[in-house]
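# this is a predicted model, with the sequence first.
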Amino acid sequence: MTWLVVVAGFSLLIVLHEAGHFAVAKAVGMRVERFSLFFPPTLVKKKVGETEYAIGAIPAGGYVKISGMNPDEKLPDEVRTRAYYSQPVWKRIVVIAAGPAVNLLLAFILLLVFFAAIGPEHQTRQVGDISKGFPAAGVLHRGDKLLAVDGRRGSLAQLSDRIASHQCARKPPQPKCKAATPATVTVLRHGQRRTFDLTPLYDAKLKRNRLGFAYLIGPRRPYSFGKALSVSVDQFWFITKRTAEIPARIVNPEKRKEITGVVGVSKVAHDTIVSDLADAIALLAIVSLSLAIVNLFPFLPLDGGHIFWAVVEKIRRKPVPFSVMERAGVVGFMLVIGLFLIGFTNDIGRLTGGGFDVR
């Protein structure tokens with residue numbers, strides 16, 4: 001059932017994206033030949049007026065076919081006047097930008113709803129899950145309240161950093177190597193203060209020294225509308241920047257490993273829905289925003305590629321030869337396929353290596 005919810009969520013993003021193209025193309029008078037959810041082979045199709053509506057068998061996207069997307073396409077006179085390349089540049093840009101615009105708007109609305117009506121989970125100072133084989137096991141108890149580390153109080157991040165500051169003597173550190181000095185941990189247990197000297201171990205997966213415990217998650221607390229609006233704007237901008245950095249990550253071997261593909265996103269979405277359906281709203285917002293930003297990359301066949309060449313035409317004050325766009329489209333297509341393959345291989349590596357863990 002959860003996988004059906006994941007597919008339904010992704011399908012919704014695709015439908016709304018393509019509906020943006022479709023609605024604006026109709027509004028500015030272009031002739032829309034087909035509106036398809038998913039890619040061929042076609043499973044179901046029905047023609048209403050001049051537009052054929054279809055559902056494909058491959059759930060990897062969707063498309064809107066507008067007459068005259070190829071300027072060399074032979075069209076009847078009554079169709080040519082409403083063809084894509086017969087329209088002014090501004091109309092073409094508006095139609096192409098409408099798809100990503102819908103995803104951008106949807107992402108912001110979902111973020112705002114999430115923070116204002118649901119609220120994120122927050123960590124408490126109480127000890128939660130304890131990892132076997134780490135110093136906290138058998139010493140700290142679930143429910144202990146962390147008060148201080150090395151005699152100093154602070155935020156949860158500061159306390160965690162203080163624990164991690166106890167590092168292994170050998171460089172680079174080896175997995176499970178012991179820190180050179182112990183961390184003094186003070187907790188509140190059943191109303192009494194208890195102090196323990198625990199020596200952190202190096203966690204190769206997290207690349208830091210730790211004692212091996214997580215914090216308990218407290219109940220959700222919705223933000224006021226003003227704060228929710230502010231946080232939504234911050235998160236919107238943060239996700240946008242991170243997504244826009246994807247091309248730079250491709251050429252960086254270390255950053256390249258962080259790229260996630262369809263398999264990874266689907267797995268994360270599935271795990272999120274299983275653990276807490278409320279978080280699926282935030283995840284859907286992230287996917288919608290990322291989809292919009294990636295689609296705006298200036299490479300054909302992405303939406304950004306069409307916008308880029310329309311702008312070039314406006315600057316040149318004459319159409320760009322289709323042969324030039326075709327050659328550029330091959331380069332763009334190879335980049336898109338390369339990005340997909342990198343994400344896919346990373347996903348397989350994480351799955352086979354026990355990745356996509358929630359903790």
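The structure has been received and is ready for your questions.
# only C-alpha atoms for contact and neighbour calcs from this point on.
Noted.
# doesn't Val127 lie inside a strand?
Yes: assignment of Val127 by DSSP: H, G, I helix; E, B strand; the rest coil places it within a strand.
# any idea how far it is from Gln158?
Distance of Val127 to Gln158, given as Cα to Cα, to the nearest Å: 16 Å.
# ok, the two, which is more surrounded?
More neighbours surround Val127 than the other of Val127 and Gln158, with 21 against 14 (other Cα atoms under 10 Å).
# partners of that one in the sheet?
Tyr215 (DSSP bridges).
# the host helix or strand of Lys241 - contacts with which helices or strands?
According to DSSP states H and E, Lys241 maps onto helix 225-244. Applying 3 or more Cα pairs under 8 Å, 6 or more residues apart in numbering; DSSP states H and E, we find helix 225-244 packed against helix 89-113, helix 279-295.
# chain center to the first one, what's the gap?
The reference is to helix 89-113. The chain centre lies 16 Å from the centre of helix 89-113; the measure is Cα atoms, centre = their mean, to the nearest Å.
# now do the last one
Chain-centre distance of helix 279-295: 5 Å, with Cα atoms, centre = their mean.
# now stretch 150-166
Worked out by Cα atoms, centre = their mean, stretch 150-166 lies 31 Å from the chain centre.
# backbone dihedrals for Pro41, please?
phi -70, psi 140 (degrees, to the nearest 10).
# can you pull out the low-pLDDT segments for this protein?
1-8, 60-61, 247-277, 336-359 (pLDDT under 70).
# mind listing the helices for it?
2-27, 77-80, 89-113, 156-164, 225-244, 246-250, 253-256, 262-275, 279-295, 303-316, 322-352 (DSSP state H).
# residues contacting the fourth one, please?
Read it as helix 156-164. Contact with helix 156-164 is made by 125, 148-150, 153, 183, 200, 208-211, as judged by Cα atoms under 8 Å, 6 or more residues apart in numbering.
# please apply the same query to the fifth one.
Counting by Cα under 8 Å, 6+ apart, the neighbours of helix 225-244 from elsewhere in the structure are 107-108, 111-112, 115-116, 286, 289-290, 293-294.
# among those, the buried ones, what's the ChimeraX command?
A single ChimeraX command suffices to select whichever of the contacts of helix 225-244 are buried according to 16 or more other Cα atoms under 10 Å:
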select :107,108,111,112,115,116,286,289,290,293,294
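# farthest pair within the contacts of helix 225-244?
Of all pairs drawn from the contacts of helix 225-244, the widest gap by Cα to Cα lies between Ala116 and Val294 and measures 27.1 Å.
# quick one: contacts for Glu18?
35, 62-64, 99.
# with Gly332 instead?
299-301.
# which of the residues you listed lies closest to Leu13?
Nearest to Leu13, judged by Cα to Cα, of these is Pro301 at 18.6 Å.
# need the phi and psi values for that closest one.
Per degrees, to the nearest 10, the backbone of Pro301 is at phi -90, psi 20.
# how close does it sit to Ala204?
In terms of Cα to Cα, Pro301 sits 40 Å off from Ala204.
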